[in-house]
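Trainee: here are the coordinates; sequence isn't available:
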């Protein structure tokens, strides 16, 4: 499992610190999982699966695909979760700005997007 944990983290573009933070575990614990010194308990495996939408069969035994296909709401949720942890990024500033729009401004923005054919 150690190789798959590391593969998952790298595929998400996360450092050990970022990955561990998202799971609420210490970076050292994650490092121990990745080198095979320790195996994660079932609760940590479940957290990885839920937080990163990874298949438990793949994570534990290497069976099937790494990621569970996600619907639109799940994709949006993932994106918002990622952005929430960013420090002063453009994506975060943009989403914070959008969150403050009133109904009239949303309509104006929608009209702009329709003209752009997005």
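Mentor: Good, I have the coordinates. Given the structure is predicted, the values throughout are model-derived calculations rather than measurements.
Trainee: lowest-confidence helix or strand of the chain?
Mentor: Within the chain, no helix or strand scores below helix 72-84, which has a mean of 86 by mean pLDDT, DSSP states H and E.
Trainee: which other helices and strands contact it?
Mentor: Here helix 72-84 touches helix 90-99, going by 3 or more Cβ pairs under 8 Å, 6 or more residues apart in numbering; DSSP states H and E. To be clear about C-beta, it is placed using only N, CA and C from the backbone, and glycine gets the same treatment.
Trainee: just to revisit the earlier point, now the angle from the least confident helix or strand of the chain to helix 90-99?
Mentor: 120 degrees (axes from the mean of the first three to the mean of the last three Cα atoms, to 10 degrees).
Trainee: Residues touching helix 72-84, excluding its own?
Mentor: The contact list for helix 72-84, computed with Cβ atoms under 8 Å, 6 or more residues apart in numbering, reads 22, 53, 70, 89, 91-92, 95.
Trainee: Now tabulate these in a markdown table and tack on distance to residue 106 and neighbour count.
Mentor: Listed next are the contacts of helix 72-84 as a markdown table, based on distance: Cβ to Cβ, whole Å; neighbours: other Cβ atoms under 10 Å:
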| residue | distance to residue 106 | neighbour count |
| --- | --- | --- |
| 22 | 30 | 18 |
| 53 | 29 | 16 |
| 70 | 25 | 12 |
| 89 | 23 | 12 |
| 91 | 19 | 12 |
| 92 | 19 | 16 |
| 95 | 14 | 15 |
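Trainee: For residue 118, give me the pLDDT.
Mentor: Residue 118 carries a pLDDT score of 59 in this model.
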